[in-house]
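Novice: Need the 3D shape of this:
(4 chains)
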Number of protein chains: 2
Amino acid sequence: MAATIKDVARACGVHVSTVSRTFSAPHLVNPATRSRVLAAADDLGYRPNRAARALTTGRTFNMGLIVADISNPFFPPLIKAAQAQARGRDYHVFVADTDEDPRVEEELIRTFTKQVDGVLLCSPRLSNKMIERLAEDVPFVVINRRIKGMPAVLMNVAQGAKLALEHLAGLGHRRIALVSGPIGSWTSNEMQGAAAEAPGLDLVFFGPNQPTEAGGLSVAADVAACGATAVLAYNDLVALGLIEGLLAMEIGVPEKISVIGFDDILPGRLNRPKLTTVAMPAVAAGRMAVDLLLQSGGEGATVTLDTALIVRESTGRAQT
Amino acid sequence: MAATIKDVARACGVHVSTVSRTFSAPHLVNPATRSRVLAAADDLGYRPNRAARALTTGRTFNMGLIVADISNPFFPPLIKAAQAQARGRDYHVFVADTDEDPRVEEELIRTFTKQVDGVLLCSPRLSNKMIERLAEDVPFVVINRRIKGMPAVLMNVAQGAKLALEHLAGLGHRRIALVSGPIGSWTSNEMQGAAAEAPGLDLVFFGPNQPTEAGGLSVAADVAACGATAVLAYNDLVALGLIEGLLAMEIGVPEKISVIGFDDILPGRLNRPKLTTVAMPAVAAGRMAVDLLLQSGGEGATVTLDTALIVRESTGRAQT
DNA sequence: TTTAGTCTGGCAACCGTTTGCAAGGGAGGA
DNA sequence: TCCTCCCTTGCAAACGGTTGCCAGACTAAA
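Specialist: Just a heads-up that it's a prediction; the model follows:
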């Protein structure tokens, strides 16, 4: 159907290699010939077949981006930032969603192999061992996970958790619930680690939980029952679900219980009460990940990005 | 680096074609040979190179999905549905975001060409003519756009708009603002068409607007000033921005002005007031689009899916 | 024992491009 | 006038597979 390089070559009585060079090394072909080729190509609507080209050159100028749940508003800004950055480098980003399923994640990575030049792995659910094995076939940059010798973009979750806990402590909260995320989540571990180091607080752990609104909704009752006056949630979605659950039980937020999330997603800003949260540098992370992938010959540079506490309406003084 | 078919062939003293058949036509190779090949392949960690395979077979078992703005919560459910459906058919879906930019859209389509077997085009911003031209190189299924002879999945926006207007009329509203979306949006046109046919209503049009919260926010003042007691917004994001703007001006929703959106996205459900909206069949559309792409030899079947009005808290009786 | 038919697996062409090598032609210097 | 050297182009191999065709080895039927 579509015109190939041969059609163009035939159309202007020239060898295919000349046509090829016209596109990939124009300075090697005589200007006159070049324009004849270009004219013929244009005439036939010829576009180089990127897959075929990748076969010989080994480069696709594509990169894959794998996220656990594209429905989580945390990801779209990261995705867009990565795409924009890649576009500036003449690359394209293909996005795929694993539905939080490690098997799907593995399959997607395998599918991407040889169809992209590298993969950006966002908060992977796969085991480190598996990721290392897969890394033999395609370069990775991992976001929010630390794996030996692998380039990574980390968000300083521990610092954010610390800020959040200090904020709560300053408001007089002592007993604080920590609602964690899925098993094997690096972010969740970091949060717990930071919390464990916080002095003079009485922490109650809840987890693992789905990292979604539903996850928050389903622990709301337990959290309310545990006597905590404040909650640190795995992410904003969980925090929002939590608030919804608490409000449904007529438990005021922040009058009775204060809630802090992580991420700083749009719905948190629109919510009533507006969500206090630890802002994650999603945009910077998307950009950095792209650059890291393009730079690294697989070398394991690690970048850590700062987080920031954004105080809004879902936190207040502890009731006495 | 990675093992190729040749390595496997050499490793078990067999011709490459035999290895190839072991994977793509197992019944043609002797069980004994087959297991030898399989063992060697496993040993070397061999995986067929999908790009290379696509070159000869012409099939990639991938499909592309292009959306205008992945940040819009309307898309993720559609994307997930498409991915799930595709997975069930042994296909993978690569997603890309155009940032509402037709040029980016075109470039993405060109990039997908030959790397996927077909493209799902969601609410494209490209002209019909351009889409038809590009369709010569890669099969399309278009979602929410009608293009002659091209398979399409349509959502019955006109019907939804009709329901919404009837609902408002029933609440005593007469002067209604219609806040439309981007230029060239089929959805927007359908809405306007349906509205124009509504009897006995006094309609005020505002547009074009960005299909985002910001878009809604920025027309809020004009809408408030026009004397309408109700608004039909292009989508939920716009509706949410509108509500935020109205509330900021101390104009009660729904006490002073009723607001209806389109899509039924999650933030609308969490918002206070909860958003009344026309639910769009995003999940069904994602599924259908995949099936249509797989079935159609490019034949232009058109599927229209129904919409439904969901009455929540952002609409109420017109003040007298 | 011959014959026809079924299984297997090798051979080689091909998919669309790239790229190292070499050859022909022309220009410039000696 | 002859020799270099550069420019331009063609040739052919390669990238990693797939697949139609063919031949040899068996098997089973006659």
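Novice: Could you list the buried residues of the helix or strand where A:Asp42 lies?
Specialist: Under the criterion of DSSP states H and E, A:Asp42 resides in helix A:31-44. Buried positions in helix A:31-44, judged by neighbour count with 16 or more other Cβ atoms under 10 Å in any protein chain shown: A:34, A:36-38, A:40-41, A:44. Quick note: C-beta positions are derived from backbone N, CA and C, even for glycine.
Novice: which other residues reach stretch A:14-25?
Specialist: A:5-6, A:8-9, A:28-29, A:33-34, A:36-38, A:41, A:48 (Cβ atoms under 8 Å, 6 or more residues apart in numbering or on different chains).
Novice: and of the buried residues of helix A:31-44, the nearest to DNA strand C?
Specialist: Using Cβ to the nearest atom of the strand, A:Ala41 is the member of the buried residues of helix A:31-44 that lies nearest DNA strand C, at 9.8 Å.
Novice: Wait, that closest one touches A:Val8, no?
Specialist: Yes - in this structure, A:Ala41 is within contact of A:Val8 by Cβ atoms under 8 Å, at 5.0 Å.
Novice: Save the contacts of stretch A:14-25 as JSON lines, and put in distance to DNA strand C and pLDDT too.
Specialist: Compiled in JSON lines, the contacts of stretch A:14-25 are given as follows (distance: Cβ to the nearest atom of the strand, whole Å; pLDDT from 0 to 100):
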{"residue": "A:Ile5", "distance to DNA strand C": "3", "pLDDT": "97"}
{"residue": "A:Lys6", "distance to DNA strand C": "6", "pLDDT": "97"}
{"residue": "A:Val8", "distance to DNA strand C": "8", "pLDDT": "97"}
{"residue": "A:Ala9", "distance to DNA strand C": "9", "pLDDT": "97"}
{"residue": "A:Leu28", "distance to DNA strand C": "8", "pLDDT": "95"}
{"residue": "A:Val29", "distance to DNA strand C": "10", "pLDDT": "95"}
{"residue": "A:Thr33", "distance to DNA strand C": "12", "pLDDT": "96"}
{"residue": "A:Arg34", "distance to DNA strand C": "14", "pLDDT": "96"}
{"residue": "A:Arg36", "distance to DNA strand C": "17", "pLDDT": "96"}
{"residue": "A:Val37", "distance to DNA strand C": "11", "pLDDT": "97"}
{"residue": "A:Leu38", "distance to DNA strand C": "14", "pLDDT": "97"}
{"residue": "A:Ala41", "distance to DNA strand C": "10", "pLDDT": "97"}
{"residue": "A:Pro48", "distance to DNA strand C": "4", "pLDDT": "96"}
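Novice: Could you list which of these also contact DNA strand D?
Specialist: Filtering the contacts of stretch A:14-25 for neighbours of DNA strand D using Cβ under 7 Å from any atom of the strand leaves A:28-29, A:33-34.
Novice: Which strand residues bridge the most centrally placed residue in chain A?
Specialist: Geometric centre of chain A, nearest residue: A:Cys122, 4.0 Å, by Cα atoms, centre = their mean. Beta bridges link A:Cys122 to A:Ile143, judged by DSSP bridges.
Novice: what does A:Val204 give?
Specialist: A:Ala177.
Novice: So it sits against A:Ala228, correct?
Specialist: Yes - if you go by Cβ under 8 Å, A:Val204 and A:Ala228 touch, sitting 5.6 Å apart.
Novice: Looking at the two, which is more packed in?
Specialist: Under the neighbour definition other Cβ atoms under 10 Å in any protein chain shown, A:Val204 and A:Ala228 were set side by side, and A:Ala228 has more, 23 against 15.
Novice: That one should be in a strand, yeah?
Specialist: No - secondary structure of A:Ala228 (DSSP: H, G, I helix; E, B strand; the rest coil): coil, not part of a strand.
Novice: circling back to that earlier point, check the contacts of stretch A:14-25 and tell me the two furthest apart.
Specialist: Spanning the widest gap among the contacts of stretch A:14-25 are A:Lys6 and A:Leu28, at 19.4 Å by Cβ to Cβ.
Novice: Strands of chain A, start to end?
Specialist: For chain A, the strands defined by DSSP state E cover A:62-67, A:92-97, A:119-122, A:140-143, A:152-155, A:175-179, A:202-206, A:230-233, A:258-263, A:276-279, A:302-305, A:308-310.
Novice: picking that back up, show me what contacts the residue nearest to the centre of chain A?
Specialist: Applying Cβ under 8 Å, 6+ apart, the residues near A:Cys122 are A:65-68, A:75, A:78, A:143-144.
Novice: so how many other residues sit close to A:Ala195?
Specialist: 20.
Novice: nope, A:Arg103 is what I was after
Specialist: 11.
Novice: Could you check how far it is from DNA strand D?
Specialist: 22 Å (Cβ to the nearest atom of the strand, to the nearest Å).
Novice: and what of A:Gly13?
Specialist: Counting by Cβ to the nearest atom of the strand, the gap from A:Gly13 to DNA strand D is 7 Å.
Novice: Pull up the gap between that residue and A:Thr33, please.
Specialist: Distance from A:Gly13 to A:Thr33, counting by Cβ to Cβ, to the nearest Å: 10 Å.
Novice: go on, A:Glu190?
Specialist: The value you get for A:Glu190 to A:Thr33, if Cβ to Cβ is used, is 60 Å.
Novice: Name the residues contacting each of A:Val204 and A:Ala228.
Specialist: Between them, A:Val204 and A:Ala228 share the contacting residues A:175-177, judged by Cβ under 8 Å, 6+ apart.
Novice: count of residues packed around the residue nearest to A:Gly252 when sequence neighbours are not counted?
Specialist: Leaving out its chain neighbours, the residue that sits closest to A:Gly252 by Cβ to Cβ, 6 or more residues apart in numbering or on different chains is A:Leu246, at 7.8 Å. When neighbours are counted by other Cβ under 10 Å, A:Leu246 registers 23.
Novice: before we move on, what about A:Ala248?
Specialist: 11.
Novice: Over to the one 3 residues further on?
Specialist: Taking other Cβ under 10 Å as the criterion, the count of residues near A:Ile251 is 16.
Novice: residues contacting it?
Specialist: With Cβ under 8 Å, 6+ apart, A:Ile251 has these contacts: A:224, A:257.
Novice: separation between it and A:Ala318?
Specialist: 14 Å.
Novice: which residues do the two both contact?
Specialist: With Cβ under 8 Å, 6+ apart, A:Ile251 and A:Ala318 have no common neighbours.
Novice: just to revisit the earlier point, of the buried residues of helix A:31-44, which is the nearest to A:Gln83?
Specialist: For those, the nearest to A:Gln83 is A:Ala41 (28.2 Å; Cβ to Cβ).
Novice: which residues touch the closest one?
Specialist: Per Cβ under 8 Å, 6+ apart, neighbours of A:Ala41: A:3, A:8, A:19, A:22-23.
Novice: now whichever residue of the stretch 101-250 of chain A sits closest to DNA strand D: how far from B:Leu154?
Specialist: Distances between the stretch 101-250 of chain A and DNA strand D by Cβ to the nearest atom of the strand are smallest at A:Lys114, namely 7.8 Å. In this view, A:Lys114 and B:Leu154 are 37 Å apart by Cβ to Cβ.
Novice: next one: A:Asp222
Specialist: From A:Asp222 to B:Leu154 the distance is 45 Å (Cβ to Cβ).
Novice: just A:Ala84 next, same as before
Specialist: 31 Å.
Novice: Up against chain B, what does the stretch 151-300 of chain A have?
Specialist: A:213, A:240, A:244, A:266-267, A:270-272 (Cβ under 8 Å from any Cβ of the partner chain).
Novice: Now with 6 Å, please.
Specialist: Residues of the stretch 151-300 of chain A lying close to chain B (Cβ under 6 Å from any Cβ of the partner chain) are A:267, A:270-272.
Novice: Flag the shaky bits of the stretch 151-300 of chain A, pLDDT-wise.
Specialist: Regions of the stretch 151-300 of chain A meeting the criterion pLDDT under 70 cover residues A:297-299.
Novice: And for the closest residue to A:Leu165 other than its chain neighbours, the neighbour number?
Specialist: Counting by Cβ to Cβ, 6+ apart, A:Leu165 lies nearest to A:Ala198, which is 4.7 Å off, once chain neighbours are set aside. The criterion is other Cβ under 10 Å. On that basis, A:Ala198 has 16 neighbouring residues.
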